[in-house]
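*Asks:* Test case, fold it:
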Amino acid sequence: MTKRMLFAGLSALALTAATSAAAQTEVTIGVLNDQSGLYSDLTGQGSVWAARKAIEDFDPAAHGLSVELVFADHQNKPDVGSSVARQWYDVDGVDMIVDVPTSSVALAINELTRERNKVFLSSGAATSDLTGKACSPNTVHWTYDTWSLANGTGKAIVETGGESWFFITADYAFGHALERDTSAVVVENGGEVVGTVRHPFPGSDFSSFLLQAQASGAQIIGLANAGGDTVNTVKQAAEFGIVQSGQSLAALLMFLTDVHALGLPVAQGLIFTEAWYWDLNDANRAFAEEFAAANSGQHPTMVHAGVYSAVTHYLKAVAEVGSVEDGAAVVAAMKEMPTSDRLFGEGEIRQDGRKIHDMYLFEVKAPEDSQGPWDYYTLRATIPAAEAFRPLAEGECPLVN
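*Replies:* Numbers count the residues shown, from 1 in each chain. Sure, this is the predicted structure:
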């Protein structure tokens, strides 16, 4: 069931209520994600809160806008996500959809958004195809993607001696893209891929896949999955003593909530790439404090931060354009305007719809190094924005001149 929140126009005190109402552009934003499954902790209600917070901080009425927020659960199923989006676009007047973890769902929403000339801002999905062969003038890929993860984690591990790889891959669009992009980085940097196995999505028992990886003799077992699948794979690998036997795990997409679920004794030493971490600076820490107060102490993931950033920039563009009727025109305005917000700082959106910012290589702390709850990461390297994402000319996006 779709839930709704209305952000009524409250400021503009110098104007009469009637004049203010007449001047307002009505905007409806839909948060579409996993509200109940294996990705619900890293997106879910936290993304709804982040979108709502972005709207409140923007102060819509001061910019001539009246904003309504709706949200729904796509259950990680493309048909369910498409059904919700179609209802939103065709009946409920939703102008923009944000978040959408699960790449197969995101690719479906990407196409439907283009057909309806609306706006799609993806924070939760990973597939780099959203800015490659499937790029759209109506879509912006905001937070991270499979190429940036592969470039950060894969390259760092190969350069420090992890040359032979075996992949355990979620069998859907995201897993396939992450395996593809990481394999390319491994080979490009002198490593080799000795094997791969694909598991059902979502999965629960990873024992047979781990045994195949163990038997391969690969130095690195690359986990091309996410959320609960990654958590369960790492836990079962610990039970099999895989790391103790000399092989290493590479979590190619790890979230703060995954580390929390694993606990530091199990997760310590894992290396991975993220776009944002709550304890990097004062602005992030302030946001995390607000988020935790409203979300039972949980701290925000990079997806939540990306939702906040994306909604903020979208509202700036709508205020500039003065209309939501032409989604492609709003996205064009978003590309023309430099991005700037309190969580990601300064950035830009390229022709292919890729939002550009720094990425970070982190290592999970040992328990004795953590200073308190949610203090889980040590920063190993900052990957500059210019190097963090796939070069524009290599994506095969038809929008690129």
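*Asks:* Please make it C-alpha for all contacts and neighbour counts, starting now.
*Replies:* Will do.
*Asks:* export stretch 168-182 as CSV, just CAs?
*Replies:* Extracted in CSV, the C-alpha atoms of stretch 168-182 (Å, rounded to 0.1, in the frame of the first residue of the first chain):
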residue,chain,number,x,y,z
ILE,A,168,30.1,-15.9,-5.9
THR,A,169,27.4,-13.9,-7.7
ALA,A,170,23.8,-13.1,-7.2
ASP,A,171,21.9,-14.4,-10.3
TYR,A,172,20.3,-11.2,-11.5
ALA,A,173,21.2,-7.9,-13.2
PHE,A,174,23.1,-6.4,-10.3
GLY,A,175,25.3,-9.5,-9.6
HIS,A,176,26.0,-10.0,-13.3
ALA,A,177,27.1,-6.4,-13.7
LEU,A,178,29.3,-6.4,-10.6
GLU,A,179,31.0,-9.6,-11.6
ARG,A,180,31.5,-8.3,-15.2
ASP,A,181,32.9,-4.9,-14.1
THR,A,182,35.2,-6.4,-11.3
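*Asks:* How about residues contacting it?
*Replies:* By Cα atoms under 8 Å, 6 or more residues apart in numbering, the surrounding residues in contact with stretch 168-182 are 102-104, 125-129, 146-147, 149-151, 154, 167, 196-202, 209-210, 213, 221-225, 252.
*Asks:* go on, stretch 232-240?
*Replies:* For stretch 232-240, using Cα under 8 Å, 6+ apart, the contacting residues are 204-207, 210, 223, 243, 249, 262, 266-267.
*Asks:* What segments of the stretch 251-400 of the chain are strands?
*Replies:* 271-274, 339-341, 345-349, 355-356, 359-364, 377-383 (DSSP state E, counting those that start in this stretch).
*Asks:* which strands and helices sit next to the second one?
*Replies:* With contacts taken as 3 or more Cα pairs under 8 Å, 6 or more residues apart in numbering; DSSP states H and E, strand 339-341 sits against helix 302-321, strand 345-349.
*Asks:* Return the most buried member of these.
*Replies:* helix 302-321 (a mean of 23; mean count of other Cα atoms under 10 Å).
*Asks:* Quick check: mean pLDDT of it?
*Replies:* Taken as a whole, helix 302-321 has a mean pLDDT of 98.
*Asks:* CA atoms only for that helix, dumped as PDB, please.
*Replies:* Written as PDB, here are the backbone C-alpha positions of helix 302-321 (Å, rounded to 0.1, in the frame of the first residue of the first chain):
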ATOM      1  CA  MET A 302      25.300   5.700   1.700                       C
ATOM      2  CA  VAL A 303      21.900   5.000   0.000                       C
ATOM      3  CA  HIS A 304      20.100   7.100   2.600                       C
ATOM      4  CA  ALA A 305      22.600   9.900   2.100                       C
ATOM      5  CA  GLY A 306      22.200   9.600  -1.700                       C
ATOM      6  CA  VAL A 307      18.400   9.900  -1.400                       C
ATOM      7  CA  TYR A 308      18.800  13.100   0.600                       C
ATOM      8  CA  SER A 309      21.300  14.500  -1.900                       C
ATOM      9  CA  ALA A 310      19.300  13.600  -5.000                       C
ATOM     10  CA  VAL A 311      16.000  15.000  -3.700                       C
ATOM     11  CA  THR A 312      17.700  18.200  -2.700                       C
ATOM     12  CA  HIS A 313      19.200  18.700  -6.200                       C
ATOM     13  CA  TYR A 314      15.900  17.700  -7.900                       C
ATOM     14  CA  LEU A 315      14.000  20.300  -6.000                       C
ATOM     15  CA  LYS A 316      16.500  23.000  -6.900                       C
ATOM     16  CA  ALA A 317      16.100  22.100 -10.600                       C
ATOM     17  CA  VAL A 318      12.300  22.100 -10.400                       C
ATOM     18  CA  ALA A 319      12.300  25.500  -8.700                       C
ATOM     19  CA  GLU A 320      14.600  26.700 -11.500                       C
ATOM     20  CA  VAL A 321      12.500  25.300 -14.300                       C
END
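*Asks:* which residues sit against that helix?
*Replies:* 42-43, 46-47, 50-51, 53-55, 58, 60, 63-65, 98-99, 121, 123-124, 142-143, 255, 274-277, 324, 329-331, 333-334, 337, 339-341, 343-344.
*Asks:* try it again with 6 Å
*Replies:* 47, 50-51, 54, 123-124, 143, 276, 333-334 (Cα atoms under 6 Å, 6 or more residues apart in numbering).
*Asks:* Spatially, which two of those are the most separated?
*Replies:* Across the contacts of helix 302-321, the longest distance by Cα to Cα is 24.8 Å; it joins 276 and 333.
*Asks:* Could you check which of the two has the larger neighbour count?
*Replies:* Taking other Cα atoms under 10 Å, residue 276 and residue 333 do not tie; residue 276 has more neighbours (25 against 18).
*Asks:* how much space between that one and residue 150?
*Replies:* 16 Å (Cα to Cα, to the nearest Å).
*Asks:* for residue 56, same thing?
*Replies:* 35 Å.
*Asks:* Of those two, give the one with the bigger neighbour count.
*Replies:* residue 150 (28 against 14).
*Asks:* tell me the secondary structure for that one?
*Replies:* helix (DSSP: H, G, I helix; E, B strand; the rest coil).
*Asks:* and the gap between the closest residue to it other than its chain neighbours and residue 203?
*Replies:* Residue nearest to residue 150 in three dimensions, not counting chain neighbours: residue 182, with 4.4 Å by Cα to Cα, 6 or more residues apart in numbering. Applying Cα to Cα, the value for residue 182 to residue 203 is 21 Å.
*Asks:* Same question for residue 183.
*Replies:* 22 Å.
*Asks:* Which one's more surrounded, the two?
*Replies:* residue 183 (21 against 16).
*Asks:* Helix or strand for residue 68, just tell me which one.
*Replies:* strand 65-73 (DSSP states H and E).
*Asks:* for residue 156, same thing?
*Replies:* helix 155-159.
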